[in-house]
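Visitor: Show me how the following folds:
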Amino acid sequence: MIRYKRLISTCFFLLWAMIVLAQSGTNSPYTRYGFGHLSDQSFGNSKAMGGISYGLRNGFQINASNPASYTAVDSLTFLFDAGLSLQNANFKEGAVKTNAKNSTVDYIAMQFRLFKRGAFTAGFLPYSIVGYSIGQTNTIGSDAYGNPIKASDTYVGDGGLQQVFAGFGYKVFDNLSLGLNFSYLYGDITHSIATTFNNSNAFSSTRTDKISVSDYKLDFGVQYTQDLGEKHAVNLGAVYSLGHNMHSTGYKYVETYSDQNSTIQSQTVDVIENAFSLPHTFGVGATYVYDKRLTVGLDYTMQKWADTKFFNNEGSFNDRSKISFGAEFVPNPTSRGYLSRIQYRAGAYYSDPYIKVNGNDGAREYGASFGFGFPIFRNKSILNISGQYIKVSPKVKGMLEENYMRVNIGLTFNERWFMKWKVE
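Guide: Numbers count the residues shown, from 1 in each chain. Below you'll find the model as predicted:
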């Protein structure tokens with residue numbers, strides 16, 4: 001009982017700390033488009049391995065990216081996992097450079113075995129995030145006295161989409177598992193442009209696009225495991241996320257007002273019901289495991305964003321593909337020596353953009369990561385720490401470049417809650 005109270009107290013403290021630390025996880029002007037930056041759905045160990053997950057199968061770590069992996073948890077184990085990221089971002093556009101610091105909650109989840117062949121997982125994952133504030137001023141003419149008339153545009157956006165999910169994995173055969181995540185997807189996103197003039201006789205305006213979503217999301221997964229001798233094994237995984245029209249509303253506001261007294265002169269509002277949709281998503285992956293010490297994996301993901309609608313317009317986005325590879329090495333997982341049980345991880349990924357910027361493709365994303373899994377306590381709990389370098393590189397010359405240094409911190413509690421103790 002003392003151990004359980006300690007675990008629960010630690011979890012509450014961790015959640016409180018994450019809420020205090022969590023701010024807008026981005027300052028990227030690219031989040032001005034679409035649903036913003038699509039959040040990384042991977043957990044602590046996966047983040048350090050370039051985001052591979054479809055073929056990962058580990059009974060001591062939660063893998064929400066493929067719900068078929070849930071059946072790897074044993075009947076005595078209760079897992080609680082939470083993670084956050086701290087990042088420093090550098091932005092470069094021509095000779096102009098700026099930076100920003102952010103933190104965000106990455107995931108919260110729990111997992112346990114329901115019965116012999118079934119396991120349950122529930123948690124929270126961000127889906128996308130928006131956060132930016134940028135401005136520009138242009139000279140558009142001159143007044144009757146020859147004084148320049150300048151127009152200043154300020155672009156501001158915030159919000160994002162979140163998901164809470166419940167998942168179930170079922171082991172059909174000893175080497176074949178199926179899984180399903182049912183998520184409630186919700187959130188609001190606001191993009192606004194305020195235009196003002198240095199001429200007091202001119203009317204200023206504000207244009208605001210708001211996205212409001214409240215709907216379901218379904219993710220299916222399968223994993224197949226094949227032993228190749230005494231020390232060799234291969235795990236194959238595949239996932240599919242259902243694309244569909246969402247219960248959602250789009251709002252387009254236009255307001256004009258006088259600079260002299262800030263009185264609204266006119267206001268129009270367009271309300272568009274069921275204006276947005278989710279893409280069909282396909283993913284496949286494979287991992288090779290040697291002697292339970294070395295894991296090497298490769299994932300490929302395709303999201304069919306080109307087929308979705310945005311404010312009821314099709315063709316607003318591009319299909320997005322992502323390829324990831326990574327590895328984990330544990331010198332000796334059964335050793336009594338602490339250093340031999342540390343998990344060493346590394347990986348990299350490449351991703352195409354789904355957004356379009358003024359009709360052009362958005363920026364490609366490259367990432368590399370390296371991290372560790374530190375065992376804590378005697379119950380196989382793990383502290384996951386990793387560092388990521390991410391480069392956002394535009395396809396069109398002259399567009400904004402972004403570089404991120406990110407630290408991911410995750411804590412996986414592994415408690416033997418369901419063990420039956422024998423009393424003599």
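Visitor: pLDDT of the strand or helix carrying residue 302, averaged?
Guide: Secondary structure assignment for residue 302, by DSSP states H and E: strand 294-303. The average pLDDT within strand 294-303 is 97.
Visitor: what's next to the next helix or strand after it, contact-wise?
Guide: Counting by DSSP H and E, the next helix or strand C-terminal to strand 294-303 is strand 309-310. Contact partners of strand 309-310, identified using C-beta atoms under 8 Å, 6 or more residues apart in numbering, comprise 34, 245, 275-277, 316-317. From N, CA and C alone the C-beta is placed, and that goes for glycine too.
Visitor: can you rerun that using 10 Å?
Guide: Identification of contacts with strand 309-310 by C-beta atoms under 10 Å, 6 or more residues apart in numbering yields 33-35, 211, 245-246, 250, 274-277, 315-317, 355.
Visitor: can you check stretch 222-229 too?
Guide: 54-57, 63, 66-72, 169, 171-179, 232-240, 284-290.
Visitor: hmm, back to that, buried only: go through the contacts of strand 309-310 for me.
Guide: In the contacts of strand 309-310, burial by neighbour count holds for 33-35, 211, 246, 250, 275-277, 316-317, 355, counting by 16 or more other C-beta atoms under 10 Å.
Visitor: Wait, residue 296 touches residue 233, no?
Guide: No: here residue 296 lies out of contact with residue 233, judged by C-beta atoms under 10 Å, at a distance of 11.6 Å.
Visitor: any common contacting residues for those two?
Guide: Common neighbours of residue 296 and residue 233 (C-beta under 10 Å, 6+ apart) are 287-290.
Visitor: quick one: which of these sit in strands?
Guide: Among the shared contacts of residue 296 and residue 233, the members falling in strands (DSSP state E) are 287-290.
Visitor: per-residue pLDDT, residue 215?
Guide: What the model reports as pLDDT for residue 215 is 96.
Visitor: list the buried ones in the strand or helix carrying it?
Guide: Using DSSP H and E, residue 215 maps to strand 203-227. Residues 204-213, 215, 217, 219-225 are the ones in strand 203-227 that count as buried (16+ other C-beta under 10 Å).
Visitor: and what of stretch 359-379?
Guide: Across stretch 359-379, burial judged by 16+ other C-beta under 10 Å covers 361-363, 365, 367, 369-373, 375.
Visitor: was I right about residue 218 contacting residue 181?
Guide: Yes: with contact defined as C-beta under 10 Å, residue 218 and residue 181 form a contacting pair (7.2 Å).
Visitor: Overlap of the contact sets of the two?
Guide: When contacts are counted by C-beta under 10 Å, 6+ apart, residue 218 and residue 181 are jointly contacted by 165, 241.
Visitor: after the strand holding residue 215, next one along is what?
Guide: Once the chain leaves strand 203-227, the next helix or strand it forms, by DSSP H and E, is strand 232-241.
Visitor: could you give the angle of the helix or strand following that next one to strand 203-227?
Guide: Beyond strand 232-241 in the direction of the C-terminus, DSSP H and E gives the next helix or strand as strand 248-258. Strand 248-258 runs at 160 degrees relative to strand 203-227, counting by axes from the mean of the first three to the mean of the last three C-alpha atoms, to 10 degrees.
Visitor: Low-confidence ranges, this protein, go.
Guide: Residues of the chain meeting the criterion pLDDT under 70: 1-25, 141, 143-146, 199-202, 258-266, 377-379, 416-424.
Visitor: for it, what spans make up the helices?
Guide: Counting by DSSP state H, the chain has helices at residues 2-21, 44-47, 338-341.
Visitor: Give me the distance from stretch 140-157 to the chain's centre.
Guide: Relative to the centre of its chain, stretch 140-157 is centred 39 Å away, using C-alpha atoms, centre = their mean, to the nearest Å.
Visitor: That one: which residues count as buried?
Guide: For stretch 140-157, a neighbour-count test (16+ other C-beta under 10 Å) marks 151, 156-157 as buried.
Visitor: burial of residue 314, as a residue count?
Guide: Each residue near residue 314 was counted by other C-beta atoms under 10 Å, and the total is 11.
Visitor: Identify the bridge partners of it.
Guide: residue 309 (DSSP bridges).
Visitor: quick one: buried residues of the strand holding residue 302?
Guide: 295-299, 301-303.
Visitor: For residue 384, state which of the residues you listed is nearest.
Guide: residue 295 (14.5 Å; C-beta to C-beta).
Visitor: ok, for that closest one, nearest residue in space, not its chain neighbours?
Guide: Setting aside the residues directly before and after it, residue 295 is nearest to residue 328 in space (C-beta to C-beta, 6 or more residues apart in numbering), at 4.5 Å.
Visitor: For that neighbour, give its distance to residue 187.
Guide: 33 Å (C-beta to C-beta, to the nearest Å).
Visitor: Those two: which has the busier surroundings?
Guide: For residue 328 versus residue 187, neighbours defined as other C-beta under 10 Å are more numerous around residue 328 (25 against 19).
Visitor: I'd guessed the more buried one sits against residue 344; true?
Guide: Yes: the pair residue 328 / residue 344 is scored as a contact, 6.9 Å apart, by C-beta under 10 Å.
Visitor: what residues are shared contacts of those two?
Guide: Overlap of the contact sets of residue 328 and residue 344 (by C-beta under 10 Å, 6+ apart) consists of 48, 371, 373.
Visitor: Now tabulate the residues you listed in CSV and tack on distance to residue 339.
Guide: Output for the shared contacts of residue 328 and residue 344, formatted as CSV (distance: C-beta to C-beta, whole Å):
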residue, distance to residue 339
48, 18
371, 16
373, 13
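Visitor: ok, of those, which one's closest to residue 324?
Guide: residue 48 (11.6 Å).
Visitor: ok so, going back, quick one: distance of the strand holding residue 302 to the chain centre.
Guide: Offset of strand 294-303 from its chain centre (C-alpha atoms, centre = their mean): 16 Å.
Visitor: Note down every partner strand of that strand and its orientation.
Guide: Strand 294-303 has the following strand partners under DSSP bridges: strand 281-290 (antiparallel), strand 320-329 (antiparallel).
Visitor: Which one of those lies nearest to residue 399?
Guide: Minimum separation from residue 399 across these (C-beta to C-beta) falls at strand 320-329, 17.7 Å.
Visitor: Tally up the residues packed near the residue lying closest to residue 364 once chain neighbours are set aside, please.
Guide: Leaving aside its sequence neighbours, residue 364 sits nearest to residue 393 (C-beta to C-beta, 6+ apart; 5.2 Å). Look at residue 393: counted by other C-beta under 10 Å, it has 13 neighbours.
Visitor: Sounds good, over and out.
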